[in-house]
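I would like to see how this sequence folds:
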Amino acid sequence: MIKHYFASSINIFLRGITVVGRLLIILFIGKYLSVQDLGIYSLFFTTIVLATLLIGFDFYTFRTREILSQNCTNKMEMIRDQFIFHFIGYLIILPVLMVIFWFDILSNNLIHMFYLILIMEHVSQEFFRLFTALSKPIWANIIFFIRTSAWVYILIPLVLLNFLDFNLLFVFDFWLMGSTFSVIISLAILWRMDLGSFLTPIQWGWIKKGLKVSIPFFISTIAYKTIEFSNRYFIDFLLTKDDVGVFSFFASFANTVHIFVFTGVIMLIYPKMIQAYETNKLEYGRLEKILKLYTFLFSICICLLVFFITPYILKVMDKNIFSEQLPVLWILLLSMFIFNMSLIPHYCLYIKKYDRHIMFITLSGSAINIILNIVLINLFGLIGASLSLLFTFTFILILKYYVNLKADQNVDKINFQYGS
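Okay, here's the model as predicted:
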């Protein structure tokens with residue numbers, strides 16, 4: 001237990017300085033550049049996230065269960081074959097992504113930066129997920145910190161000391177350097193781990209199986225990211241880039257509720273739940289109770305922390321446009337609390353391989369969210385965008401808890417039959 005708390009504390013610290021770094025760059029852009037620049041940065045960031053999903057295809061969900069399986073004898077072979085799959089994805093997806101610039105979602109002068117950051121972000125993200133699956137959460141969070149925020153702590157002092165003129169292009173340059181360095185460090189860590197040989201023949205059958213298994217997860221993730229990020233594009237279309245900047249500013253704060261809970265609780269517990277489900281149902285039940293309790297408590301604490309510190313941050317920002325829209329943040333905080341609670345049945349269903357149920361629930365939520373965005377943003381502006389998230393996450397929470405309850409009842413019936 002002491003070891004668990006120590007690992008959790010280290011991970012929370014790493015994620016804490018990561019989150020602070022991410023918030024600092026948002027604050028810095030919001031204070032020293034225009035709100036429109038903040039909107040452009042948000043659209044660039046959001047598009048990188050969505051494009052990374054397209055390339056990754058959620059293949060890691062298949063690889064995670066495979067690499068944690070008792071039948072896995074050569075982890076390095078799986079890692080190699082996963083990246084072969086991603087290389088094929090680059091050849092297909094990268095040319096298609098040119099539509100982003102054809103439709104002027106992003107400016108053409110950002111093309112080269114977009115592709116370079118995209119590739120480095122994706123590779124680094126896969127290493128983060130790999131180290132998480134291998135129960136190396138501290139290494140995973142170090143990689144995440146380097147990729148996401150370490151460069152912020154270098155950029156901001158340089159700007160404050162007048163070594164650089166602050167603008168968005170410098171932000172993207174430093175972001176690229178951080179992502180690239182995180183990949184280099186990841187390769188060094190992987191090289192030192194005894195995970196088997198990568199000189200075996202490519203397992204095309206395993207890649208093909210992974211593609212099939214990953215499809216429901218990929219559809220679910222795209223649907224979820226549609227829920228999480230589509231509001232930015234609707235706000236850009238129905239309102240202004242200034243409004244995109246304001247909404248993204250508050251969404252960054254609200255998202256810390258999820259980041260800290262995932263880091264301090266979920267990423268430490270769910271790999272152990274996967275292993276316990278196959279071998280020790282009593283241990284699985286114990287871990288599920290811990291997941292429920294800690295997810296609830298951590299979510300409450302982080303929500304309260306954000307609630308109390310945000311007014312002071314807005315004073316430092318000294319821009320009325322943020323203070324006038326403060327109710328947007330309160331609704332987003334409640335939305336993220338509900339989302340965190342929905343992760344409890346989500347990971348239980350994932351472990352039980354209820355993949356298609358997860359997919360259909362998230363797809364339904366995505367469809368509802370799109371409709372709500374169109375209606376509510378038109379009626380209530382940014383408040384409408386935040387309400388659409390709240391209603392959607394509540395819908396998903398109820399459905400996932402219901403399906404997980406039914407799944408548990410089915411398992412109990414099977415166990416009773418075998419016991420009789």
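
Next, the buried residues of the helix or strand harbouring N231.
Per DSSP states H and E, N231 falls inside helix 204-238. Neighbour-count burial for helix 204-238 flags 206-207, 210, 213-236 (criterion: 16 or more other C-beta atoms under 10 Å). For glycine as for every other residue, the C-beta is placed from the backbone atoms N, C-alpha and C.

Remind me what it packs against, helices and strands.
Packing partners of helix 204-238 (3 or more C-beta pairs under 8 Å, 6 or more residues apart in numbering; DSSP states H and E): helix 35-56, helix 59-67, helix 75-96, helix 241-261, helix 355-380, helix 382-419.

okay, the ones you listed in a markdown table with mean neighbour count, mean pLDDT and distance to L333 next?
A markdown table is the format used below for the helices and strands packed on helix 204-238 (neighbours: other C-beta atoms under 10 Å; pLDDT from 0 to 100; distance: least, C-beta to C-beta, whole Å):
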| stretch | mean neighbour count | mean pLDDT | distance to L333 |
| --- | --- | --- | --- |
| helix 35-56 | 20 | 91 | 19 |
| helix 59-67 | 21 | 89 | 28 |
| helix 75-96 | 16 | 95 | 34 |
| helix 241-261 | 23 | 89 | 5 |
| helix 355-380 | 18 | 93 | 18 |
| helix 382-419 | 17 | 81 | 9 |
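
Now do the same contact list for L27.
Contacts for L27 (C-beta atoms under 8 Å, 6 or more residues apart in numbering) come out as 313, 316-317.

ok, now with 7 Å
Residues in contact with L27 (C-beta atoms under 7 Å, 6 or more residues apart in numbering) are 313, 317.

Distance of it relative to C72?
For L27, the distance to C72 (C-beta to C-beta, to the nearest Å) stands at 44 Å.

Could you tell me how many residues sit around the closest residue to D318 other than its chain neighbours?
In this structure, D318 finds its nearest non-sequential neighbour in K31, 7.4 Å apart by C-beta to C-beta, 6 or more residues apart in numbering. Using other C-beta atoms under 10 Å, the number of residues around K31 comes to 12.

Quick check, K31 in contact with M317.
Yes - counting by C-beta atoms under 7 Å, K31 does reach M317; the two are 5.5 Å apart.

Please enumerate the shared neighbours of the two.
With C-beta under 7 Å, 6+ apart as the test, K31 and M317 reach no residue in common.

wait, isn't S366 in contact with F229?
No - S366 is beyond contact range of F229, at 11.1 Å (criterion: C-beta under 7 Å).

For stretch 188-208, measure first residue to last.
End-to-end span of stretch 188-208 (C-alpha to C-alpha, to the nearest Å): 29 Å.

ok, residues contacting it?
In contact with stretch 188-208 (C-beta under 7 Å, 6+ apart) are residues 74-77, 79-81, 84-85, 139.

from the residues you listed, which is closest to L14?
Distance to L14, by C-beta to C-beta, is smallest for W139 among the contacts of stretch 188-208, at 9.9 Å.

Can you report how many residues lie near the closest one?
21.

and the residue lying closest to it once chain neighbours are set aside, what does it touch?
Nearest residue to W139 in three dimensions, chain neighbours excluded: F131, at 4.7 Å (C-beta to C-beta, 6+ apart). Residues in contact with F131 (C-beta under 7 Å, 6+ apart) are 139-140, 143.

any chance of the contacts of stretch 188-208 in TSV, with distance to N255 too?
Formatted as TSV, the contacts of stretch 188-208 follow (distance: C-beta to C-beta, whole Å):
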residue	distance to N255
N74	37
K75	32
M76	34
E77	36
I79	29
R80	33
D81	33
I84	33
F85	29
W139	23
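
of all the residues you listed, which comes closest to L158?
L158 lies nearest to W139 out of those, by C-beta to C-beta, at 27.9 Å.

Look up how far W204 lies from the closest one.
W139 sits 30 Å away from W204, taking C-beta to C-beta as the criterion.

Near S135, how many other residues are there?
16.

and it, which of the three is it?
Of the three states, S135 takes coil under DSSP: H, G, I helix; E, B strand; the rest coil.

wait, isn't it in contact with Y270?
No - the criterion here is C-beta under 7 Å, and S135 misses it with Y270 at 10.8 Å.

With just CA atoms, put stretch 373-393 into PDB.
The C-alpha coordinates for stretch 373-393 follow below in PDB (Å, rounded to 0.1, in the frame of the first residue of the first chain):
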ATOM      1  CA  ASN A 373     -24.300  21.900 -30.000                       C
ATOM      2  CA  ILE A 374     -26.200  23.100 -33.100                       C
ATOM      3  CA  VAL A 375     -29.300  24.000 -31.100                       C
ATOM      4  CA  LEU A 376     -27.800  25.200 -27.800                       C
ATOM      5  CA  ILE A 377     -24.900  27.300 -29.200                       C
ATOM      6  CA  ASN A 378     -27.300  29.100 -31.400                       C
ATOM      7  CA  LEU A 379     -29.600  29.800 -28.500                       C
ATOM      8  CA  PHE A 380     -27.200  30.400 -25.600                       C
ATOM      9  CA  GLY A 381     -23.700  30.800 -27.100                       C
ATOM     10  CA  LEU A 382     -20.800  29.500 -25.000                       C
ATOM     11  CA  ILE A 383     -23.200  28.500 -22.200                       C
ATOM     12  CA  GLY A 384     -25.000  26.300 -24.700                       C
ATOM     13  CA  ALA A 385     -21.700  24.600 -25.700                       C
ATOM     14  CA  SER A 386     -20.900  23.800 -22.100                       C
ATOM     15  CA  LEU A 387     -24.500  22.500 -21.500                       C
ATOM     16  CA  SER A 388     -24.200  20.200 -24.500                       C
ATOM     17  CA  LEU A 389     -21.200  18.500 -22.800                       C
ATOM     18  CA  LEU A 390     -23.000  18.300 -19.500                       C
ATOM     19  CA  PHE A 391     -26.100  16.600 -21.000                       C
ATOM     20  CA  THR A 392     -24.000  14.300 -23.200                       C
ATOM     21  CA  PHE A 393     -21.700  13.000 -20.400                       C
END
